[in-house]
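Colleague: When you get a sec, could you give me coordinates for this:
(4 chains)
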There are 4 protein chains.
Amino acid sequence: MEVNLNNDPAIIEGCTVPVRVNRKTRSNPTVVNVNSVRIGSVPVAIIAGPCAVESYEQLIETARKVKKAGAVLLRGGAFKPRSSPYNFQGLGVEGIKMLADVRKATGLPFVTEVMDTRMVEFVAEHADMLQVGSRNMHNYPLLKEVGKTKKPVLLKRGMMATIEEFLLSAEYILNQGNEQVVLCERGIRTFETTTRNTLDLSAVPVLKHLTHLPVIVDPSHGTGHSWMVPAMAKASVAAGADGLIMEVHYKPEEALCDGFQSLNPDEFTGLMSDLKKIARAIDRDIL
Amino acid sequence: MEVNLNNDPAIIEGCTVPVRVNRKTRSNPTVVNVNSVRIGSVPVAIIAGPCAVESYEQLIETARKVKKAGAVLLRGGAFKPRSSPYNFQGLGVEGIKMLADVRKATGLPFVTEVMDTRMVEFVAEHADMLQVGSRNMHNYPLLKEVGKTKKPVLLKRGMMATIEEFLLSAEYILNQGNEQVVLCERGIRTFETTTRNTLDLSAVPVLKHLTHLPVIVDPSHGTGHSWMVPAMAKASVAAGADGLIMEVHYKPEEALCDGFQSLNPDEFTGLMSDLKKIARAIDRDIL
Amino acid sequence: MEVNLNNDPAIIEGCTVPVRVNRKTRSNPTVVNVNSVRIGSVPVAIIAGPCAVESYEQLIETARKVKKAGAVLLRGGAFKPRSSPYNFQGLGVEGIKMLADVRKATGLPFVTEVMDTRMVEFVAEHADMLQVGSRNMHNYPLLKEVGKTKKPVLLKRGMMATIEEFLLSAEYILNQGNEQVVLCERGIRTFETTTRNTLDLSAVPVLKHLTHLPVIVDPSHGTGHSWMVPAMAKASVAAGADGLIMEVHYKPEEALCDGFQSLNPDEFTGLMSDLKKIARAIDRDIL
Amino acid sequence: MEVNLNNDPAIIEGCTVPVRVNRKTRSNPTVVNVNSVRIGSVPVAIIAGPCAVESYEQLIETARKVKKAGAVLLRGGAFKPRSSPYNFQGLGVEGIKMLADVRKATGLPFVTEVMDTRMVEFVAEHADMLQVGSRNMHNYPLLKEVGKTKKPVLLKRGMMATIEEFLLSAEYILNQGNEQVVLCERGIRTFETTTRNTLDLSAVPVLKHLTHLPVIVDPSHGTGHSWMVPAMAKASVAAGADGLIMEVHYKPEEALCDGFQSLNPDEFTGLMSDLKKIARAIDRDIL
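Modeller: Model prediction:
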């Protein structure tokens, strides 16, 4: 079916929103269900866990602590897209199995990244939610492949993607029949160097205005420094985000990947308490 | 006195903070006093008013309404830096006088922009606070001139300036003997087009970390669309901003300048009520 | 083999160059051989052809004309990475076959994009050179897969990639044993809107300084307007590029993809004559 | 006189060109005359000299060498806009006098920056051409003030200004009655860190397309590294620039300002010989 984008009036001048993700095509916001977790409803969903799965011990220890503090979904990378071929590339299939084991032990469903079209079927079989990372937002064969699965998808904004391109990438997934897509702002590339990226929080109101899909924020990648994460996590909730995804590591100083931007369990627990207050101030909640 | 920046250890790698604005040089945060208004203390200071002074009626009507809703300082441009020579350039000296008249009528002190070294003395005589706008953050003769006055200064981040450059511009002012400087994040230029600028809210925790000066946010210029302002105003307070500066116009649709990003008085009043809840959730307040 | 990047002294402060692409690891520049075409030698190699393969007629007509004007390699996309799922996605396998047929008829070898790890083997079997496009510069599984083939690779800089990341992506390919890599500057994303991208021509001297790999420029994507292509093509040759890749379509106004940035055959022929003069002025040549 | 910009059809979609600088308002390109030097005519005008005037010896030695190599105009800053208040701020009035003395001794006219409206009259009295620097492109009172003089103006593009804003700033000058304006591309701010700025050479064909004013390029600030200057200077001429402005210092390693991007006289002399070949290849010349 050919869709005529020209008939779809832009809601913001200069930004055309494709038909399936367009808020006008649906009267209610989409709620994405990851097992029993609902993203896009009144409660703000908190996703937490290590950047990369490193060992069973690291994963289970971290998972238990983030669950106790109120996280409803575990994150952890098994396939890691690293700028350098000489950096730790992730545990791969073995990492996926550890995530499944930890789910069994803790009851926490997990989201994990898939980077290669050849691995989508395998990851979809084991994970509760598939992540398409920032570097793959423009990887259209991958978007089509995750669109063919029945799994919810966490789609991260490309680090230099416009909002319009972000929505078009989501459209690739919906166009294959999978409407369970969560959009994630994770910072864009600018000239500023004190932060790893510039977290574009205005993407939250803009996306909520343009699309019916839920919108979450990643303040860990968005700032690149663990000490900036609490301020930006609170700001994200106040801005109206439907959830947060944050890096937490049981021993950040020993992390094989991105330790400098990971909270330790105590910091995470303290932050959760603050986030609940913000959520209530805007008539939402955190479970 | 020559100051050796090399002896000043960077607090964030790659960002050298000059000596006078550096948080390490002062045990307590600076509080800037604009008449009876204190910026940088527990209460979050709300500055509001029209983009440009257009008429006495426009100004007094807007001022009364923002004061009633809780604003403590009136903003209004008399000298307007406009990209095009054919756009409304402001009422100039006459506008400054209207601001003074409205202060007399309402009791609201005012902040207004000065762009030309030749006008600093005149504006400092009448205004309660001098604004150096985004386009003049790199205008060093102007920074030196406002540094020689005794008036508090609202320094806006250049739309293209790094945090390091922003702090160096503030240093120019402090270096002349004027330490009453408030820093204002107002959005930076990126590739994104759905917003007028990209509001870099991470500048709030970064600046609070690096300097003792108060930090406020301008969500009106930072987004360029009035309907995005409430989300970003709430996010700014949650991120720890010491204040907000927002454009409010009694009739935005008739504004000679930036009406699309101005709240009307009712929207502003509603927003203030939400902001108070956020402020309390983080143990601050709004008067 | 683990390679210690820390032992590799940065040649430009702040930019670490990995070992295999590093100019210091090889005394002579790499020459990439695409059949009889040598890229990285004295002659400036001209690659031309349509954005997308649309039909046999379109391809053969365009190929004959660019060959006659001096192009040594044909470009043409069969698999097209398009921002919208509703745009023409390319002829796929059928397009690859047309390219092979046109090679047979004209003698022109061809370069074509591969986007999916599952298609690398097939495309490598038919094409003379594999292109990894801008959107896939960070697609590490794809880089590894093309690194395992024996085919020369044209690697385009990501539209958001730093020079350092660009070199790291090339390192992924070399690290798999394939050293026949040509780097292509194609414009980066900035705030400027009169051009589709900002062609970063300084990447030419920077890359020639840092790596032994050949460097070419794509002024068609780099500008996004056919009338800007001649100026930037000439500038690229003067800056020291080892080649150019340009979009030429026998009927740009009927193109299914990027017609606005395609030269017609007459424009291309005229440009080639100018380019030869520039090449000679810097002691190079165009065959 | 009110000018209706809406009646002025944009030549590039999304870029409105104001009336006085618009190429459509004049049948012939503007030639700017700086004493006997013509900028915007067939010969490519070469402007060279130190970043800052440091001493009479430094200036006269450098001036003699650049003149001998073919420069027609001397550059040198007396008032320096420096990011830090603790950096060398220039010799001020004394520097202007040295420039005038060196002009007398060598016959070379000079261009120098003015930053403060209060100094325009003084600088205009002594200099042959007034420079408005990148940091002051948005300084409208300054633009108006130089517009009131009869002196030719060298207007540098703001480091994060769009082409449209650049033309609007030029319009401010022309609108005051001064039509002797040369536009200078000097690099824009992007995420790339191997260069000080990203030299946007596509600004040359774009500006030549949109306006009748001459366009020159500053490859010294545009790259920030002296070894990149020759490649980008050659590229600029090939792209159609009407001139170049380059930093040359008789002893770059001792420069008080920007020595890392200054050519020494031998490098400059060698480059001039290469530039003449490029100029001839495009049917222009260098005197």
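
Colleague: so where do the helices sit in the stretch 1-150 of chain A?
Modeller: With DSSP state H, counting those that start in this stretch as the criterion, the stretch 1-150 of chain A has helices at A:56-69, A:93-106, A:120-126, A:140-148.

Colleague: Show me which residues of chain A sit near chain C.
Modeller: Proximity of chain A to chain C (C-beta under 8 Å from any C-beta of the partner chain) is limited to residues A:2-3, A:5, A:18, A:81-86, A:115-118, A:135-136, A:138-141, A:158-160, A:165, A:168-169, A:171-172, A:175, A:189. The way it works is simple: take the backbone N, C-alpha and C, and place the C-beta from them, glycine included.

Colleague: mind redoing it with 6 Å?
Modeller: A:3, A:81, A:83-86, A:115-118, A:135, A:138-141, A:159-160, A:165, A:168, A:171-172, A:175, A:189 (C-beta under 6 Å from any C-beta of the partner chain).

Colleague: about what we covered before: go through the helices of the stretch 1-150 of chain A and pick out the most buried.
Modeller: helix A:140-148 (a mean of 23; mean count of other C-beta atoms under 10 Å in any protein chain shown).

Colleague: helices and strands around that helix, which ones?
Modeller: In terms of contacts (3 or more C-beta pairs under 6 Å, 6 or more residues apart in numbering or on different chains; DSSP states H and E), helix A:140-148 is packed against helix A:163-174.

Colleague: Under the pLDDT cut-off, which ranges of chain A? List them.
Modeller: Applying pLDDT under 70 to chain A flags residues A:1-11.

Colleague: Residues of it that sit close to chain D?
Modeller: Residues of chain A lying close to chain D by C-beta under 6 Å from any C-beta are A:189, A:191.

Colleague: in chain A, what residue is nearest chain C?
Modeller: A:Met160 (3.0 Å; C-beta to the nearest C-beta).

Colleague: which SSE is the closest residue to that residue other than its chain neighbours in?
Modeller: Spatially, and ignoring its direct neighbours in sequence, A:Met160 is nearest to C:Met160 (3.0 Å; C-beta to C-beta, 6 or more residues apart in numbering or on different chains). Using DSSP states H and E, no element contains C:Met160; it sits outside every helix and strand.

Colleague: Using TSV, lay out the helices of the stretch 1-150 of chain A together with distance to D:Val204.
Modeller: Converted to TSV, those look like this (distance: least, C-beta to C-beta, whole Å):
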stretch	distance to D:Val204
helix A:56-69	54
helix A:93-106	51
helix A:120-126	46
helix A:140-148	35
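
Colleague: so which of those comes closest to A:Gly40?
Modeller: Between A:Gly40 and the helices of the stretch 1-150 of chain A, the tightest spacing by C-beta to C-beta is seen for helix A:140-148, at 18.3 Å.

Colleague: so after the closest one, what's the next helix or strand?
Modeller: Helix A:140-148 is succeeded, C-terminally, by strand A:153-156 (DSSP H and E).

Colleague: Give me the distance from that following strand to the chain's centre.
Modeller: 6 Å (C-alpha atoms, centre = their mean, to the nearest Å).

Colleague: swap in stretch A:152-162?
Modeller: With C-alpha atoms, centre = their mean as the basis, stretch A:152-162 stands 8 Å off its chain's centre.

Colleague: I'm done for today, thanks for sticking with me.
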